[in-house]
Structures are given as C-alpha cells and as structure tokens.
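**Student:** following is a predicted model, sequence given first.
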Amino acid sequence: MVFAHRGSSAYAPENTMSAFDLAISQGADAIELDTKLSADNIPVVIHDSSVDRTTNGTGNVARLTYRELRNLDAGSSFDKIFSGERIPSLEEVLITYSEKIIINIELTNYRSPSNNLPERVSQLIKNLNVPHSNLIVSSFNPISLIKFNAKLPDIRIGLLTLGGLLGLWVNTPLSRLVHKEAIHPNKDMVSQRYIAQQHHKGLKVRAYTVNEEEAMKHFFSWGIDGIFTDDPPKALKLLGKSQI
Ligand code: G3P
Ligand code: MG
C-alpha cells in the first residue's frame, strides 16, 4: 500500500487539505497525517511542535489556540499558489476523507507524552462515527498507543520505530504491551531479513519515508506491506497502479 506521507507532500504543502485532495486524485491507497493538541485541546493536523517552518506564524502549537492557528497561512511557505491554505483540524479531515480513503493518524504528543491526545482523538472518532476499518493509528509514543487501544480496541495500531540511539526509548519493554497490527520502521532499518522477521512475528511492515525509486523497488520486491512516501505517483507507477 502506498501512503501519501503528510498528503502528497512533494507536490502540495504538507498536512493540508490540498495535499490530501491531491493524494486521492493521484490514486494513493492511504493518507498519513500528524496530529497534536492546540492550547485549547483541539486535535490539529501539523507535524512540527512549532508553526515556524510550515506557516507564516511563530510559536509552539501547544501554546496557540485553535482560532490563532486557523489564522495562519499554511500554504505560502511551500508555494505562493497555495496561499490561504489553513492548518486543518483533525475533525475536518475525518469528515472530509474518512469514507473515501484509509487514514493513518500519527499521534504526535512527543513533547507532552502523557497529555490527553489519545482520548481526544478516540472521542472524535466515536462522535463522528468514522468507519474503524478506514483508520490506522500510529505513534512513536507507546503510552499513547496503549491509551488509544484501550478506548477503541478494533482500530489498527502501528508502532513507529527508528534505529540507533534515538530508537532506544521507543523500543522499551513498554512497546511490547502495545497491541499492534504493524511496525512502522524508518527506511534505514529495513532489509529483506527485517521484513521476514516481522512477518514471522505476525506483524505487517510499513516503512517511512521512502522517496527514492531504488529503495521502493527493493522494498516492494521484499514483500513490504506499505510505504510512506512524499511522492505517491512514483511508487504507484512502479506498482503498475498509476492513475496518471
Ligand atoms: O508515520 C510515518 C512518518 O510520518 C513518521 O515520521 O516525523 O514524518 O511523522 P514523521
Ligand atoms: Mg508522520
């Protein structure tokens, strides 16, 4: 499966409605997005803990209200033609796309790992009656996944992981308590052997962020279950699923 990483983010500003619309029109199998809480506890869709890189504003998402975040331009820093693009709320994304495509929601409460993001997201999913089969919830934070899974046990869980020293805290004994369907590794960790080992454990493997054609070809030939890519058309073409 080809997951449009933050939407079709090579062609439109990441984590915006334009990037998600484009991913759907390009034929991606799924979209991936990052969510965290605003100062007034609204799940919003943005990757970084601050708004500085992707908007015309400054400051930490956790210190800005939803209203303040909505006043920012989340498109111009990518390209002027996207000026006026807004930071979406998770609610808006779920209402717009959850009947149309699989959505991977990444819980990104990494700066405040025990806040109530998992509860807020699960409540939203319940309130909106989102079809559970169209959702995958992932995180590097095992506590968030355990909390989310306790609320909505039939939604698929992917544990994000990375190699090296940074990966140590992710791969704590706590991670083994996560009821996961899949492991979502950094692409640098992935080999044919790694995929076979995870499959042997009964886990699916979806790697991030795979933008190079050579890596895509290797991963597909090794039987990977999914990749997260900024460039869905490149991956879809290799799989013979191209729509354009
Ligand atoms: O979910 C895959 C990938 O998005 C994880 O890393 O930093 O791009 O959110 P990041
Ligand atoms: Mg992400």
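**Tutor:** Now that the structure is in, tell me what you want to look at. Ligands and ions are numbered 1, 2, ... in the order given.
**Student:** look up how far residue 204 lies from residue 142.
**Tutor:** 18 Å (CB to CB, to the nearest Å). (Each C-beta comes from the backbone N, C-alpha and C, glycine too.)
**Student:** kindly report the same for residue 61.
**Tutor:** 30 Å.
**Student:** next, count neighbours for the nearest residue to residue 141 once chain neighbours are set aside.
**Tutor:** Once flanking residues are discounted, residue 141 sits nearest to residue 113: 5.1 Å by CB to CB, 6 or more residues apart in numbering. Applying other CB atoms under 10 Å, we find 15 residues neighbouring residue 113.
**Student:** pull the contacting residues for residue 113.
**Tutor:** For residue 113, the contact set (CB atoms under 8 Å, 6 or more residues apart in numbering) comprises 141, 143, 144.
**Student:** thinking again about what came up before, so if I had to pick from residue 142 and residue 204, which one is more boxed in?
**Tutor:** Comparing residue 142 with residue 204 by neighbour count (other CB under 10 Å), the higher total belongs to residue 142, at 23 against 19.
**Student:** wait, isn't the more buried one in contact with residue 171?
**Tutor:** No. Using CB atoms under 8 Å, residue 142 is not in contact with residue 171; the gap is 9.3 Å.
**Student:** now the biggest helix by length in the chain - C-alpha only, CSV.
**Tutor:** For the chain, the helix with the greatest residue count under DSSP state H is helix 117-128. The C-alpha trace of helix 117-128 is given here as CSV (Å, rounded to 0.1, in the frame of the first residue of the first chain):
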residue,chain,number,x,y,z
LEU,A,117,-4.4,13.5,22.9
PRO,A,118,-5.4,9.7,22.6
GLU,A,119,-8.6,10.4,24.5
ARG,A,120,-9.4,13.5,22.4
VAL,A,121,-8.8,11.6,19.1
SER,A,122,-10.8,8.5,20.1
GLN,A,123,-13.7,10.7,21.3
LEU,A,124,-13.7,12.5,17.9
ILE,A,125,-13.8,9.2,16.0
LYS,A,126,-16.7,8.0,18.1
ASN,A,127,-18.6,11.2,17.8
LEU,A,128,-18.2,11.3,14.0
